[in-house]
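*Asks:* What follows is a predicted structure for the sequence shown.
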Amino acid sequence: MFVRLRQRRPQDGLEVPLQLQVIEAEQCPANYYATASNGNVIRAGVEFNAIGQRVAYWMFASHPGDMLVTNFLDMTLRRVPAEQIIHVYEPIRAGQIRGLPHMTSSLVELFNIGNLKDAVLMRQQIANLLTVFFTRDAVASDDDPLGDAKNGMTDPDGTPLAGLEPGSAVELPDGVKPEFSNPPDAGPNFAPYMRTMLMAVAARAGIPYEVLTGDLANISDRALRLILNEFRRIVEQRQWLVLIPMLCQRVREAWWDAAVLAGVVDAPGYANLRDDYVDTLWVPHGFPYSHPVQDVDADRKAVRSGFKSRSSVVLANGDDPEQVDREILEDNQRADANGFILDSDARYTSDRGITQAKPAGSVEPAPADSAEPPPSQQQEN
């Protein structure tokens, strides 16, 4: 997709005069190849200068699917400078100009899956139309008992008719017996074939089969954790290699530029210190624990062993370490002010409920309206 950075005027009423316009890929036609009036080459809707830099994108004013035939302005390609466009795509080969949807290579499989489902459904519908058949023990004669008005009905051309109603019991003439239809089901190979096709689709899209379909049959807890860990790695790759550097960071920089130029933010020395101002700690949304007890215990041991920092654990959960520190400090101060010594307070109580030694330089909270020392000091005394 494309995101256009649109600078707005002060009278537009925006505190920071910047808007983001999300543009679908179809508005920049991938089949547009030409030479611009300035001599630049246009390939796949992207204009390149003489040294191969992207200088502009050629786009329709609206989506091709929303155009009216009478509105020729929407059907005219317009040149948009490249500095206004954020082109978000995942390159999979060197020199790639445009991106591809992740499901592009699976379209044939998806089409075949749809045809198979339609064919099975049609076969079942046709088979269900035939409910009962009448067979004879002897060769039919001209005196057909089913054609007799006393025993049955006939249509205008004399063809015998036999009707059935729910719950009815009909006595048949001699020599005639019914055989009820037993239509075939989808077949024993239908489910395995569908699973195989969906596994191919999932593999080409880079998504585990279980995540794509929600099919968790015969999946153990250990196998599911491995599958989810693999899926998380794929998501994190696209977060840190595509979305954050291509989109989030560029939007952040454009917002700072617009805010400083509009005088909304006071940033001394911004021209020389721009990199310091726009430097950002990105914290994507964290994944929940698959097994909270085991996962938390593993993180705690990794931190205590020095294999991880506490900040890395907090960041992996999608939180800001500085904000978590402030919240812990505020909670501790509020507990001290009220004279609380909670079992969850690692300053006084271990994870086994044992009172820990008083930290060096710490001040014990005094219970409200009491001259007695806090419980921790009583135990030490």
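*Replies:* Yep, that arrived. Residues are numbered from 1 along each chain as shown.
*Asks:* Any regions of the protein where pLDDT drops low?
*Replies:* Applying pLDDT under 70 to the chain flags the ranges 67-74, 130-134, 136-155, 157-173, 181, 183-185, 351-353, 356-381.
*Asks:* ok now the longest helix belonging to it, how far from the chain's centre?
*Replies:* For the chain, the longest helix by residue count, based on DSSP state H, is helix 107-129. Helix 107-129 sits 28 Å away from the centroid of its parent chain (CA atoms, centre = their mean, to the nearest Å).
*Asks:* Repeat that for stretch 105-123.
*Replies:* 24 Å.
*Asks:* What distance do you get for residue 329 to residue 311?
*Replies:* According to CB to CB, to the nearest Å, residue 329 stands 15 Å off from residue 311. Every residue, glycine included, has its C-beta placed from N, CA and C.
*Asks:* Between those two, which has more neighbouring residues?
*Replies:* residue 311 (16 against 10; other CB atoms under 10 Å).
*Asks:* who's in contact with the more buried one?
*Replies:* residue 321 (CB atoms under 8 Å, 6 or more residues apart in numbering).
*Asks:* Verify the assumption that it is located in a helix.
*Replies:* Yes - according to DSSP: H, G, I helix; E, B strand; the rest coil, residue 311 belongs to a helix.
*Asks:* From residue 209, how far off is it?
*Replies:* Here residue 311 is placed at a distance of 35 Å from residue 209 (CB to CB).
*Asks:* mind listing what residue 82 touches?
*Replies:* 47, 53, 54, 55, 56, 57.
*Asks:* at 10 Å instead, please
*Replies:* 46, 47, 48, 49, 53, 54, 55, 56, 57 (CB atoms under 10 Å, 6 or more residues apart in numbering).
*Asks:* So what does it have for phi and psi?
*Replies:* Phi and psi for residue 82, reported as degrees, to the nearest 10, are phi -70, psi -30.
*Asks:* measure it to residue 240 for me?
*Replies:* Going from residue 82 to residue 240 by CB to CB gives 24 Å.
*Asks:* And residue 59, by the same measure?
*Replies:* For residue 59 relative to residue 240 (CB to CB), the value is 28 Å.
*Asks:* likewise residue 115?
*Replies:* 39 Å.
*Asks:* Hmm, residue 107 and residue 101 touching each other?
*Replies:* Yes - contact criterion CB atoms under 10 Å: residue 101 and residue 107 qualify, at 9.2 Å.
*Asks:* Three-state assignment for residue 4, please.
*Replies:* Residue 4 is classified as strand under three-state DSSP.
*Asks:* So for this protein, the centremost residue is which one?
*Replies:* The residue lying closest to the centre of the chain (CA atoms, centre = their mean) is residue 235, at 9.2 Å.
*Asks:* Can you give me the buried ones in the helix or strand containing it?
*Replies:* Assigning secondary structure by DSSP states H and E places residue 235 in helix 221-238. Residues 227, 228, 231, 235 are the ones in helix 221-238 that count as buried (16 or more other CB atoms under 10 Å).
*Asks:* Just the closest of those to residue 8, please.
*Replies:* Nearest to residue 8 among those: residue 235, at 33.7 Å, using CB to CB.
*Asks:* Show the contacting residues for the closest one.
*Replies:* Taking CB under 10 Å, 6+ apart, one finds 206, 207, 243, 284, 285, 287 in contact with residue 235.
*Asks:* Return the subset of those residues lying in strands.
*Replies:* The members of those all map outside strands under DSSP state E.
*Asks:* And those residues, which is closest to residue 322?
*Replies:* When the contacts of residue 235 are compared against residue 322 (criterion: CB to CB), the nearest one is residue 284, at 16.7 Å.
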